[in-house]
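A.B. asks: Just to be clear, the model below is a prediction. Sequence and coordinates:
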Amino acid sequence: MRFINPKTDFAFKKIFGSTESKDILISFLNALIYNAEPVIEDLEIIDPYLSPRIQGLKDSYLDVKAKLNDESIVIIEMQVLNVESFGKRVLYNAAKTYSLQLESGQGYRFLKPVIALTITDFIMFEESQRLISRFVFKEESENFKYKGNEIDLIFIELPKFNKELEQLESLTDKWIYFLKSAMVLESVPENMENIPAIQRAFQIANQANLSREELEEQEKKEIFIQDQQGMILLAEREGLERGLERGLAEGRERGLAEGLERGLERGLAEGREEGREEGSKAKAIEIARQLLNVLDDETISQTTGLSIEEIQNLR
């Protein structure tokens, strides 16, 4: 058997956000949000598109959205590429989901908590080694929670998960391993065969069960991701090379070993920063090109961080 990559938006939505995925999503959310405790007993998968009621606000496109049995709302996003201002986008979508619950004239008592579950294929928090990070509103000095604790931000950084197949113990481990490694497996691992929801996820991800159109769509997503990652690496390498050249030149001009060392250090730092900036810019431009025939200029600007003028120039 061969399985599609669950980390692409097409595959992630098909596995976790389709009408046949209710039991899969319940198991997945209990594992990642509630440490495998069966807190969620039922849910309703709903339209993940957030249309603003007020003209001028941004549209939002989520991967999966569900209402839990306690009426809390969970929004889920799987993000492979580290686009500009991604952290702000996560908070914006959570706040928007929270505010859009109320109909005209309804009181604030009808607002229900929102959980934003974000899974990234890159490191977001360099300062921490934690695989799962959870952010809530707390008082700064005494660390008590804000009344209601209405917005919960949960991040899972896949690069921080390094367990091998034989090391998997909890349901949480197994679901994260599925996300990270399903596309390189040739069969369902024995230590996952006794979990019906994961079995069903593998069944949906099995390429033999997809139509030719679905396989082509998945392949396009894979190629797009690989192209973006290649552009970032190229820009970073070119920036680093230019930084080294500048550092060497500065060191030669000083004519001192100390000057050469300082120049190299500064050149390396400048090169890395320039490479990151160029890589981020190149990635944003390529993503914007893909969206020109799908979204309006303002939404593309919000998604990529490019200015309206830059997007109009691309058109």
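C.D. replies: Cool, got the structure.
A.B. asks: When you work out contacts or count neighbours from here on, use the C-alpha atoms and nothing else.
C.D. replies: OK.
A.B. asks: after the helix or strand of the chain with the lowest mean pLDDT, next one along is what?
C.D. replies: Lowest by mean pLDDT, DSSP states H and E among the helices and strands of the chain is strand 60-61, with a mean of 56. Heading C-terminal from strand 60-61, the first helix or strand you meet, by DSSP states H and E, is strand 64-68.
A.B. asks: quick one: strands adjacent to the helix or strand just after that next one?
C.D. replies: Once the chain leaves strand 64-68, the next helix or strand it forms, by DSSP H and E, is strand 73-79. With DSSP bridges as the test, strand 73-79 is paired with strand 64-68 (antiparallel), strand 114-120 (parallel).
A.B. asks: Compare these and give me the one nearest Leu32.
C.D. replies: Leu32 lies closest, by CA to CA, to one member of the strands paired with strand 73-79: strand 114-120, at 8.6 Å.
A.B. asks: got the CA coordinates for the next helix-or-strand element following the closest one in PDB?
C.D. replies: Downstream of strand 114-120, the first helix or strand assigned by DSSP H and E is strand 132-135. Presented in PDB, the C-alpha positions along strand 132-135 are these (Å, rounded to 0.1, in the frame of the first residue of the first chain):
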ATOM      1  CA  ILE A 132       2.800  20.600  22.200                       C
ATOM      2  CA  SER A 133       2.500  24.200  23.400                       C
ATOM      3  CA  ARG A 134      -0.700  25.700  24.800                       C
ATOM      4  CA  PHE A 135      -1.400  29.400  25.200                       C
END
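A.B. asks: tell me what strand 132-135 is packed against?
C.D. replies: strand 151-157 (3 or more CA pairs under 8 Å, 6 or more residues apart in numbering; DSSP states H and E).
A.B. asks: For Lys15, list the residues it contacts.
C.D. replies: If you look again at residue 15, you'll see it is Ile, not Lys. 6, 21, 24, 201, 204-205 (CA atoms under 8 Å, 6 or more residues apart in numbering).
A.B. asks: Once you drop chain neighbours, what's closest to the most centrally placed residue in the chain?
C.D. replies: When CA atoms, centre = their mean is applied to the chain, the residue found nearest the centroid is Gln79 (2.2 Å). In space, and not counting its chain neighbours, Gln79 is closest to Thr120: 4.8 Å by CA to CA, 6 or more residues apart in numbering.
A.B. asks: low pLDDT regions in the stretch 1-150 of the chain?
C.D. replies: The model of the stretch 1-150 of the chain has pLDDT under 70 over residues 48-61.
A.B. asks: now Gln312: how far from Asp297?
C.D. replies: Applying CA to CA, to the nearest Å, the value for Gln312 to Asp297 is 7 Å.
A.B. asks: So which of these two has more stuff around it?
C.D. replies: Neighbour totals were compared for Gln312 and Asp297, and Asp297 leads with 20 against 10 (other CA atoms under 10 Å).
A.B. asks: of all the contacts of Ile15, which comes closest to Lys147?
C.D. replies: Nearest to Lys147 among the contacts of Ile15, with distances taken as CA to CA, is Ile24, at 31.9 Å.
A.B. asks: after the helix or strand where the closest one lies comes which helix or strand?
C.D. replies: Ile24 is part of helix 22-33, with elements assigned from DSSP H and E. On the C-terminal side of helix 22-33, the closest following helix or strand by DSSP H and E is strand 43-46.
A.B. asks: What strands flank that next one, and is each parallel or antiparallel?
C.D. replies: Here, using DSSP bridges, strand 43-46 pairs with strand 64-68 (antiparallel).
A.B. asks: Export the strand it pairs with to PDB, keeping only CA atoms.
C.D. replies: The C-alpha coordinates for strand 64-68 follow below in PDB (Å, rounded to 0.1, in the frame of the first residue of the first chain):
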ATOM      1  CA  VAL A  64     -11.200  21.900   9.500                       C
ATOM      2  CA  LYS A  65     -13.800  23.400  11.800                       C
ATOM      3  CA  ALA A  66     -16.000  21.500  14.300                       C
ATOM      4  CA  LYS A  67     -18.500  22.200  17.000                       C
ATOM      5  CA  LEU A  68     -18.000  19.800  20.000                       C
END
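A.B. asks: Mind jotting down where the helices sit in the stretch 151-300 of the chain?
C.D. replies: Along the stretch 151-300 of the chain, counting by DSSP state H, counting those that start in this stretch, helices occupy 171-181, 196-205, 212-254, 257-291, 297-304.
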